[in-house]
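In: What follows is a predicted protein model with its sequence.
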Amino acid sequence: MGRGSCGYHRLVAVGKPQTMRDSPDPARVAGALERWFAHAARDLPWRTTPRDPYRSLVSELMAQQTQIARVVEKFAPFIDRFPTVHALAAAPEDDVLAAWSGLGYYRRARLLQACARAIVADHAGRVPETPAELKALPGIGDYTAGAIASIVFDRPEPAVDGNVVRVLLRVHNADLPQDAPSTKRWATDHARELAVAAESPGALAEALMELGATVCTPGSPKCDACPITDLCAARAAGTTGTIPAPKARTNVSVLHCASVLDADARGRLLVERRPDTGMWAGLWQAPTLESSDTEATAGDVRAFVGAGSVEIAEEFDHKTTHRLVRFRVWRSSGARAGRSRVRRSPAQIAQLGISNPQRRILLGG
Ligand code: SF4
C-alpha cells in the first residue's frame, strides 16, 4: 500500500524495518521541549504570565493562516480598541472589521465577535476551560479548543495545527500524507500522549508549535539547533528532507477584478460595500467589476460606473489559497455615486473594513 492510503499508518523503513518501538519516549520528548521553550520562546504580546484567556483567544483566531509578524502588528491596537470580551461583544461589527483590516480572512473577525457574544451570554463573560465547552462556541474548532484548554488552563489536551503535524511526523519518521484526516487523528493521539507526559501541558503545547514555526520548518529544518535532535527518528534515519511528503497541488481558479478609482474635487473616493456572503464579505472596496472568465474592457468599466473616460492606472495579482485574483485598477472621473456607492475621504476609508488589495488600491498600501 503506497503513500496516500487512507487510514494506514506506515512508518518508513530505512536500512531496517522500523516499528513503533523506534518512536521516542514521550516523557523525554516533552521534557526536552518544555526546557527549551522556557528560554527560547519568542516574546509575543499575548504571552503574558499567566496567559490571559481573552487575549489568547484573540491571538489564536488572528494567527490562523496569517504570518505571525502581521499578527504582532495588529494585536495590540485590537486589544486597545476592544480590551475585554464585553467590549468586543458590544462593538459595532464595522469597528471590528476595521480593526481586523490587514489580517485578511474577515470571516474570522465575525466569528471572533460571535464567540465573544456567546461567552458573554452563556458563560458570564468568562472563557470556558474544557474543549467541549470551547468547541460549542462560534469559530472554535478542535485546534483552537485544544490550544486554549492547554495553553491557558494547562489541561493535557492536544492542539494540532499544520506545524505540529509536521513535527510529529518527523519525530516518529512517519511517512503519512500530511493533509489526510487520518494523519490528523494520528498526530492528535501522539500530541495527547506528549501532553499527558508533560510537566506543564500548556508549555508543551506552545513548545511544539514554536518548534514547528522556528526550527522544524517545512523546507530545511534546523536540526542542529533542535532540542530533540537526539530523539528524532527522521533525523536518525536521514529522512528530514522527505518527511512530510510535499503537499498535492491545489487547483487555483482565476478571478478578474476591474476596480475603479474615482476621486472628486475634494479628493473623496467612491466606495461600495461587498455583499454579506462570499469572498471579503461585507468589506468596503472601490467599485469593482468581477468576472471569472474575461477581463473587463474600457467600455465595460465606463458603463459600470457611468464615467465619460477611464484609463488603466495599475495592474497586480493577489493570491489566496485557492484563487488568483487579477486586479486591474482604472482611474476615472465623474463616476456616479448612488444608493450603494458613496464618497469617502482617505481618512474615513482608513477606518473601514477593507481587504489588503483594496487597501493598496484606495490608500496606496
Ligand atoms: Fe525537526 Fe530536525 Fe528537530 Fe527532527 S531533529 S524535530 S526534523 S528540527
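Out: Here it is on my side, so go on.

In: of all the residues in this protein, which ones are close to the ligand?
Out: 167, 170-171, 215-216, 221-223, 226, 228-229, 232, 234-235, 240 (Cβ under 6 Å from any ligand atom). Quick note: C-beta positions are derived from backbone N, CA and C, even for glycine.

In: Out of these, which end up buried?
Out: Burial by neighbour count, judged by 16 or more other Cβ atoms under 10 Å, picks out 167, 170-171, 215-216, 221, 226, 228-229, 232, 234-235, 240 from these.

In: that older thread, which two of the residues of the chain next to the ligand have the greatest separation?
Out: V171 and K222 (14.8 Å; Cβ to Cβ).

In: so where's the stretch 101-250 of the chain uncertain?
Out: Applying pLDDT under 70 to the stretch 101-250 of the chain flags residues 248-249.

In: can you give me the helices for it?
Out: Remark: helices assigned in the stretch 101-250 of the chain by DSSP state H, counting those that start in this stretch are 107-123, 131-135, 142-147, 162-171, 181-197, 201-214, 233-237.

In: Identify the residues contacting the residue in the stretch 51-200 of the chain that the ligand sits nearest to.
Out: Closest residue of the stretch 51-200 of the chain to the ligand, Cβ to the nearest ligand atom: R170 (3.9 Å). Neighbouring residues of R170 by Cβ atoms under 8 Å, 6 or more residues apart in numbering: C216, P221, C232, A233, A234, R235, T239, T240, I243, P244.

In: shouldn't the first one be in contact with C226?
Out: To tie it back to what came earlier, the one meant is C216. Yes - C216 lies in contact with C226 (Cβ atoms under 8 Å); the separation is 6.6 Å.

In: And E290, how close does it get to the ligand?
Out: Distance, E290 to the ligand, using Cβ to the nearest ligand atom, to the nearest Å: 43 Å.

In: pretty sure that residue is touching S259, no?
Out: No - if you go by Cβ under 8 Å, E290 and S259 don't touch, sitting 9.5 Å apart.

In: Neighbour count: these two, which is higher?
Out: S259 (23 against 14; other Cβ atoms under 10 Å).

In: doesn't the more buried one fall inside a strand?
Out: Yes - when DSSP: H, G, I helix; E, B strand; the rest coil is applied, S259 is found to be in a strand.

In: got the contact list for it?
Out: Q285, A286, P287, T288, F327, R328, V329, W330, Q358, I361.

In: Show me how this structure divides into domains.
Out: 26-237, 253-363 (automatic domain parsing).

In: got the contacts of S259 as CSV, with neighbour count and secondary structure columns?
Out: Compiled in CSV, these are given as follows (neighbours: other Cβ atoms under 10 Å; DSSP: H, G, I helix; E, B strand; the rest coil):
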residue, neighbour count, secondary structure
Q285, 22, strand
A286, 26, coil
P287, 26, coil
T288, 20, strand
F327, 20, strand
R328, 18, strand
V329, 20, strand
W330, 27, strand
Q358, 25, helix
I361, 23, helix
